[in-house]
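Participant: the sequence isn't on hand, but the structure is:
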């Protein structure tokens with residue numbers, strides 16, 4: 001999209017479309033919106049695929065079921081945003097602030113989230129297969145039932161995170177902080193956990209078959 005965008009008009013038309021009063025669905029695919037202030041914007045089911053939103057302010061924005069495939073959200077502010085059911089496959093969310101955001105059921109497969117802040121974010125049942133989350137802060141995040149197979153979580157902070165029933169098969173968790181994390185019923189088969197911190201982590205009924213545990217800190221066996 002190379003034309004100048006009247007974002008206020010796009011949002012107004014989108015609001016009318018959502019309420020069945022005419023208007024049209026927001027199509028911001030490929031739009032250049034770097035640094036834009038979209039705080040609290042209603043972009044429910046909007047098309048933002050391929051959009052450039054680096055450094056944009058999307059605090060508390062409603063992006064439920066929005067299409068953000070391959071979007072550039074690097075360094076964007078998405079704290080407390082609603083992204084449940086959104087498509088974020090292959091999106092760049094490196095260094096993005098997603099603290100308290102709702103990403104339940106979102107498609108984040110192969111997304112880049114290195115260095116992202118996901119403190120207390122909700123990612124239950126999200127698809128993060130093949131995603132890059134190295135050095136991301138996921139402390140106290142809810143990842144129950146999430147798919148993280150083959151994800152790169154090296155040096156990620158997952159202290160106090162809920163990973164119960166999550167799929168982490170062949171994930172790279174080397175040197176990750178998993179202290180006090182809940183990994184009950186999680187699938188960690190073939191995962192790399194070398195030098196990971198598992199102090200007071202819950203591993204009851206977790207599948208650790210084929211996992212690499214060399215240098216793990218404070219692992220304990222749960223009944």
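Facilitator: Perfect, I can see it now. These numbers come from a predicted model, not from an experiment.
Participant: so residue 172 touches residue 155, yeah?
Facilitator: No. Using C-beta atoms under 8 Å as the test, residue 172 is too far from residue 155 to be in contact (9.7 Å). Glycine gets a C-beta too; all of them are placed from N, C-alpha and C.
Participant: those two: which is more packed in?
Facilitator: Using other C-beta atoms under 10 Å as the criterion, residue 172 and residue 155 rank with residue 172 on top: 22 against 18.
Participant: does residue 8 count as helix, strand or coil?
Facilitator: Look at residue 8: counting by DSSP: H, G, I helix; E, B strand; the rest coil, its state is helix.
Participant: what is the neighbour count of it?
Facilitator: The tally of other residues near residue 8 (other C-beta under 10 Å) stands at 8.
Participant: and it, how far from residue 165?
Facilitator: Per C-beta to C-beta, to the nearest Å, residue 8 is found 43 Å from residue 165.
Participant: which residues of the protein fall in helices?
Facilitator: Here the chain has its helices, by DSSP state H, at 7-18.
Participant: where in it is pLDDT low?
Facilitator: The chain contains residues with pLDDT under 70 at 1-3, 219-223.
Participant: swap the cut-off to 80 and go again
Facilitator: Within the chain, the stretches with pLDDT under 80 are 1-4, 218-223.
Participant: find the residue closest to residue 170 in space, skipping its chain neighbours.
Facilitator: residue 190 (4.3 Å; C-beta to C-beta, 6 or more residues apart in numbering).
Participant: what is the neighbour count of the spatially closest residue to residue 218 that is not a sequence neighbour?
Facilitator: Once flanking residues are discounted, residue 218 sits nearest to residue 199: 3.9 Å by C-beta to C-beta, 6+ apart. When neighbours are defined as other C-beta under 10 Å, residue 199 has 15 of them.
Participant: can you check the one 3 residues further on too?
Facilitator: Neighbour count for residue 202, taken as other C-beta under 10 Å: 20.
Participant: same deal with residue 80?
Facilitator: Residue 80: 18 neighbours (other C-beta under 10 Å).
Participant: I figured the residue nearest to residue 218 hits residue 181, correct?
Facilitator: No. Taking contacts as C-beta under 8 Å, residue 199 lies outside contact range of residue 181: 9.5 Å.
Participant: re the thing from before, and the residue nearest to residue 218, how far from residue 156?
Facilitator: Separation of residue 199 from residue 156 (C-beta to C-beta) stands at 15 Å.
Participant: next: residue 86.
Facilitator: Residue 86 is 21 Å from residue 156, by C-beta to C-beta.
Participant: ok so, going back, show me the contacts for the residue nearest to residue 218.
Facilitator: Residues counted as contacts of residue 199 (C-beta atoms under 8 Å, 6 or more residues apart in numbering) are 179-180, 217-218.
Participant: can you pick out the most distant pair from the residues you listed?
Facilitator: 180 and 217 (12.6 Å; C-beta to C-beta).
Participant: thought residue 7 was touching residue 32?
Facilitator: No. With contact defined as C-beta under 8 Å, residue 7 does not count as touching residue 32 (11.3 Å).
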